[in-house]
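Novice: Quick one: sequence plus predicted model below, questions after.
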Amino acid sequence: MSTSGKSVIKKIRKAACPGSFDPVTNGHLDIIGRAAHLYDEVVVAVLINKNKSSLFTVEERIEMLTEVTAGYGNVRVDAFHGLLVDYCRTNEIDVIVKGLRAVSDFDYELQMAQMNRGLAGIDTLFMPTNPEYSFLASSLVKEIATYGGDVAGLLPEPVHKRLLARVEQRNDAEQ
Ligand code: PNS
């Protein structure tokens, strides 16, 4: 109830953090955590893309994301297929939050943001990534881990463990 006696219904501000998250890195987690401070509810939306080969299944990616975001009371993890804006509309999400690592990210991200706004009026908020993670990408982490490089500081611990196990499994299968 407001001081004027009229009841005020506060709209829940929801944001989506979309991506492939194959697997989630410390860079992703930094953006998710910062979004969780800005919005009432954050939905980490994992894209189901049957045309792209991945190291982890969508279920495994959801499991890892759920584990590493468990400390935030307002973050949930979900999967979607099709257009991101359709998912946002169905779930009453009005903002997409994306991390920008470097200028190289900007062109494509701007194009998608403008397209998404044109399609559905859904805005994209760009967050500069923590400089500590500006070089970080899931694809690089997977490649480095495959050839035995140290990626321990780049991923949450439980994800690092699962990545090493999966890489070992893959390397064994290829021998
Ligand atoms: O982690 P990624 O693979 O860089 O994430 C890209 C993602 C999932 C955010 C983007 O590909 C996406 O939104 N895909 C859903 C399909 C869609 O809405 N395409 C039109 C974009 S304008």
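Specialist: Everything's here; your move.

Novice: need the residues of the protein near the ligand, please.
Specialist: Where the chain comes near the ligand, counting by C-beta under 6 Å from any ligand atom, the residues are Pro18, Gly19, Ser20, Leu47, Leu83, Leu84, Met112, Met115, Asn116. (Glycine included, C-beta is placed from N, CA and C.)

Novice: Farthest pair within the residues you listed?
Specialist: Across the residues of the chain next to the ligand, no pair lies farther apart than Ser20 and Met115, at 18.3 Å, counting by C-beta to C-beta.

Novice: Same drill for the two, tell me which one is more crowded.
Specialist: More neighbours surround Ser20 than the other of Ser20 and Met115, with 18 against 14 (other C-beta atoms under 10 Å).

Novice: Pull the contacting residues for that one.
Specialist: Each residue near Ser20 by C-beta atoms under 8 Å, 6 or more residues apart in numbering is listed here: Val46, Leu47, Asn49, Lys52, Ser54, Arg61, Ser138.

Novice: Now do the phi/psi pair for it.
Specialist: Reported as degrees, to the nearest 10, the phi and psi values for Ser20 are phi -90, psi -40.

Novice: Repeat that for Phe80.
Specialist: phi -150, psi 160.

Novice: In which helix or strand does the residue lying closest to it once chain neighbours are set aside reside?
Specialist: Among residues not flanking Phe80 along the chain, Tyr87 sits closest, at 4.0 Å (C-beta to C-beta, 6 or more residues apart in numbering). Of the helices and strands defined by DSSP states H and E, Tyr87 is found in helix 84-90.

Novice: in that helix, what counts as buried?
Specialist: For helix 84-90, the neighbour count (16 or more other C-beta atoms under 10 Å) marks Leu84, Val85, Tyr87, Cys88 as buried.

Novice: again with stretch 33-44
Specialist: Within stretch 33-44, the residues that qualify as buried are Gly33, Arg34, Ala35, Ala36, Tyr39, Glu41, Val42, Val43, Val44, counting by 16+ other C-beta under 10 Å.

Novice: With stretch 146-164 instead?
Specialist: Buried residues in stretch 146-164 (16+ other C-beta under 10 Å): Thr146, Val151, Leu154, Leu155, Pro156, Val159, His160, Arg162, Leu163.
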